[in-house]
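Participant: Turn this into a model:
(one chain, ligands or ions: 1)
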Amino acid sequence: MKIGVLALQGDFALHTQALERCGAEPVLVRKPEELADLDGLVIPGGESTTVLRLMDAWNFVPAIEKFHAAGKPIFGTCAGLILLARDVSSPSQFSLGLIDVGVERNAYGRQRESFEALATATLGGTPAQIELVFIRAPRIRRIGPGVQTLVTHAGDPVMAQQGTVLVAAFHPELTADLTVHRYFCELVRSARQRTP
Ligand code: GLN
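Facilitator: Model prediction:
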């Protein structure tokens, strides 16, 4: 099972390690044609404005839309969530709109630009405590009717899913815990069974 990690900018390297530890084969993606034989895609954290500029330069948008339309799962963390959201504010910018959520960039306040927290999550199995690392994180301000909230922190949704699109405001790749990556790998595995 091959899972791509968009490697234009940001912390893609740690995602590849986490995916490998889950038993998947991670592939760094730097050109749209490299999506062709992949089963899933991770869009890592970074600076969404910079990633957008590079996505534009390489003409990634239609390729990712096609990937999604083919039923292949996509997981966006932090800047990746911003890129996948339907609406982006503060400031507003183009986004793929593949999940019906509204996000506000850098919305956790100055003094808490980066922080850690714990949450209890039930991701496909028994409830487990997971560590949440937020780095200048976006806040999910709106959850559309077709979107399922998977993890909350202080009353806010911080991980959500709509069909094959999974998003997290935090950085699971910065902890040793594989719960979140395992959940995504499971999503990829079941999507693969549906569309051989
Ligand atoms: N603040 C960044 C942005 O707005 C996201 C930060 C991150 O991915 N850690 O794009």
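Participant: Could you report the separation of Arg192 from Phe12?
Facilitator: Going from Arg192 to Phe12 by C-beta to C-beta, to the nearest Å gives 22 Å. (C-beta placed from N, C-alpha, C; glycine too.)
Participant: ok, residues contacting stretch 88-101?
Facilitator: 48-49, 52, 61, 64-65, 68, 74, 76, 81-87, 102-107, 138, 140-147, 157, 160-162, 165, 167 (C-beta atoms under 8 Å, 6 or more residues apart in numbering).
Participant: Mind listing what's buried along that stretch?
Facilitator: Val88, Ser89, Ser95, Leu96, Leu98, Ile99, Asp100, Val101 (16 or more other C-beta atoms under 10 Å).
Participant: For Arg192 and Phe12, indicate the residue with more neighbours.
Facilitator: Shown here are Arg192 and Phe12; by other C-beta atoms under 10 Å, Phe12 has more neighbours (22 against 16).
Participant: Give me the number of neighbouring residues for Gly155.
Facilitator: Around Gly155 there are 5 residues (other C-beta under 10 Å).
Participant: confidence score at it?
Facilitator: Gly155 carries a pLDDT value of 93.
Participant: For it, give me phi and psi.
Facilitator: phi 90, psi -10 (degrees, to the nearest 10).
Participant: ok, it to His181 distance?
Facilitator: 25 Å.
Participant: what's the answer for Gly71, then?
Facilitator: Taking C-beta to C-beta, one finds Gly71 at 20 Å from His181.
Participant: the more surrounded of these two?
Facilitator: Higher neighbour count among Gly71 and His181: His181, with 22 against 12, using other C-beta under 10 Å.
Participant: Report the secondary structure state of the more buried one.
Facilitator: Of the three states, His181 takes helix under DSSP: H, G, I helix; E, B strand; the rest coil.
Participant: element containing the residue most central in space within the chain, please.
Facilitator: For the chain, Gly76 is the residue whose C-alpha lies nearest the centre (C-alpha atoms, centre = their mean; 1.4 Å). Take DSSP states H and E as the rule and Gly76 turns out to sit in strand 74-77.
Participant: mean confidence score for that strand?
Facilitator: Mean predicted confidence for strand 74-77 is 98.
Participant: Distance from it to the middle of the chain?
Facilitator: 2 Å (C-alpha atoms, centre = their mean, to the nearest Å).
Participant: Does the following helix or strand past it reach the ligand?
Facilitator: Next along the chain after strand 74-77, taking DSSP H and E as the criterion, comes helix 79-84. Yes. Contact between helix 79-84 and the ligand, assessed by C-beta under 6 Å from any ligand atom, occurs at Ala79, Ile82.
Participant: Which strands or helices does helix 79-84 pack on?
Facilitator: strand 40-43, helix 48-57, strand 74-77, strand 99-104, strand 165-168 (3 or more C-beta pairs under 8 Å, 6 or more residues apart in numbering; DSSP states H and E).
Participant: May I see the ones you listed organised as TSV, with distance to the ligand added?
Facilitator: Conversion of the helices and strands packed on helix 79-84 to TSV gives the following (distance: least, C-beta to the nearest ligand atom, whole Å):
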stretch	distance to the ligand
strand 40-43	10
helix 48-57	3
strand 74-77	7
strand 99-104	9
strand 165-168	10
